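# Just the structure for this:
(one chain, ligands or ions: 1)
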Amino acid sequence: MTTVLGHPSNSQTQPDVAANATTSPNPVMVKLQGVTKSYPNGSLGVFDLSLEVKRGDFLLITGPSGAGKSTLLKLLYGAERPSSGEVIVDDLNVGKLRGDRLSLLRRRIGVVFQDYKLIPTRTVSENIAFVLWAQGYTRKEIQRRLPPTLKVVGLQHKANCFPDELSGGEQQRVSLARAIVGTPPVLLADEPTGNLDPDNSRQVLNILKKLNGMGATVIVTTHDEQLVQMSRQPVVQLREGRLYRGF
Ligand SMILES: Nc1ncnc2c1ncn2[C@@H]1O[C@H](COP(=O)(O)OP(=O)(O)OP(=O)(O)O)[C@@H](O)[C@H]1O
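Coordinates of the predicted model:
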């Protein structure tokens, strides 16, 4: 099955965040063609999955536990390789990339995890800056990028706090900031509201939508029915590794 999603009008452009969003004339940002992933222990992650996501789209992927949502995202950022089929992101065949070429692709993909994965001994600013530092950005460029990124996630006033001084929602917003500070054209979020109450979930959703409005292609997995209802974005469902359009 191939699911081709429509292209919402994202005419607003804002500086900095998602500034890399339009570098290729190809309107398709993510394409999976007949992708199966089976793990060495025989578990099936996804099966014969085909999907296209256009540049600037916002897609929700829902489905029960074990349906293959995380596997799908891992295939997109190259943390897993397909057993068969092709995974194309931003015109690159992810399953075939190795070493530096895979690292370069990963710079073009921001990833947000349910459990935040922040460095506990670093401040908010340092957690965000670390990504840029690891990618070889100059100190000046890091300092240029931090304030607008903190602003997008509403955490200017928490820049010098440590993760354990923040609420769960704030920690998730730091992890969002870290994912977007390098202005990736693709943003993947794996259950970003899984540990959050409805208010914080709404805030995270609004930030994701804002980034999408700035041009980023956003793919979010979620169990959260309320989030799906609130988002008013296209939804596909995974069940037992297979993809279904909507519910
Ligand atoms: N590293 C792995 N080794 C073996 N099997 C795995 C591995 N990762 C995932 N699986 C299996 O692949 C299937 C899909 O798992 P996946 O984590 O993608 O589902 P999910 O929809 O993200 O679930 P959840 O919502 O609980 O996080 C499951 O049967 C799972 O047990």
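# what's the spacing between the residue nearest the centre of the chain and Val218?
Note on the chain: the residue nearest the mean C-alpha position is Leu188, at 1.3 Å, using CA atoms, centre = their mean. Noted for Leu188: a distance of 8 Å to Val218, by CB to CB, to the nearest Å. Glycine gets a C-beta too; all of them are placed from N, C-alpha and C.
# Need the three-state assignment for the residue nearest to the centre of the chain.
Three-state call for Leu188 (DSSP: H, G, I helix; E, B strand; the rest coil): strand.
# how about the strands in the protein?
2-4, 28-38, 44-54, 58-62, 84-89, 92-93, 109-113, 186-190, 217-222, 235-239, 242-245 (DSSP state E).
# Could you provide those in TSV, with additional columns for distance to Glu170?
Formatted as TSV, those follow (distance: least, CB to CB, whole Å):
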stretch	distance to Glu170
strand 2-4	35
strand 28-38	30
strand 44-54	29
strand 58-62	23
strand 84-89	30
strand 92-93	34
strand 109-113	14
strand 186-190	16
strand 217-222	19
strand 235-239	27
strand 242-245	34
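# so which of those strands comes closest to Gly168?
strand 109-113 (12.9 Å; CB to CB).
# Return the residues of this structure in contact with the ligand.
Contact residues, the chain versus the ligand (CB under 6 Å from any ligand atom): 39, 41, 43, 45, 63, 65-71.
# What about the residues you listed, which one has the most neighbours?
With neighbours defined as other CB atoms under 10 Å, the most crowded of the residues of the chain next to the ligand is Gly68; it has 26 neighbours.
# residues contacting that one?
Contacts here follow CB atoms under 8 Å, 6 or more residues apart in numbering; on that basis Gly68 touches 37, 44-47, 49, 238, 240-241.
# and the residues you listed, which are buried?
Those of these that meet the buried threshold are 37, 44-47, 49, 238, 241, by 16 or more other CB atoms under 10 Å.
# what would the residues you listed look like in a markdown table with pLDDT and distance to Arg106?
Below are these laid out as a markdown table (pLDDT from 0 to 100; distance: CB to CB, whole Å):
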| residue | pLDDT | distance to Arg106 |
| --- | --- | --- |
| Lys37 | 98 | 18 |
| Leu44 | 96 | 25 |
| Gly45 | 97 | 20 |
| Val46 | 97 | 20 |
| Phe47 | 97 | 25 |
| Leu49 | 96 | 21 |
| Leu238 | 95 | 23 |
| Gly241 | 96 | 24 |
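# Give me the buried positions along stretch 133-149.
137, 142, 145-146, 149.
# can you redo the residues you listed as JSON lines with pLDDT?
Shown next, in JSON lines, are those (pLDDT from 0 to 100):
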{"residue": "Tyr137", "pLDDT": "92"}
{"residue": "Ile142", "pLDDT": "96"}
{"residue": "Arg145", "pLDDT": "95"}
{"residue": "Leu146", "pLDDT": "96"}
{"residue": "Thr149", "pLDDT": "94"}
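# tell me which of these is nearest to the ligand?
The shortest gap between the ligand and any of the buried residues of stretch 133-149 belongs to Thr149, at 27.4 Å (CB to the nearest ligand atom).
# show me the contacts for the spatially closest residue to Lys210 that is not a sequence neighbour.
In space, and not counting its chain neighbours, Lys210 is closest to Val152: 6.6 Å by CB to CB, 6 or more residues apart in numbering. Contacts for Val152 (CB under 8 Å, 6+ apart) come out as 17, 177, 180, 207, 210-211.
# what's the closest of those residues to Ser201?
Proximity of the contacts of Val152 to Ser201 was ranked by CB to CB; the top entry is Ile207 with 10.9 Å.
# can you tell me which residues contact that closest one?
By CB under 8 Å, 6+ apart, the contact list for Ile207 reads 152-154, 173, 176.
# buried subset of the residues you listed?
Buried among the contacts of Ile207 by 16+ other CB under 10 Å: 152-153, 173, 176.
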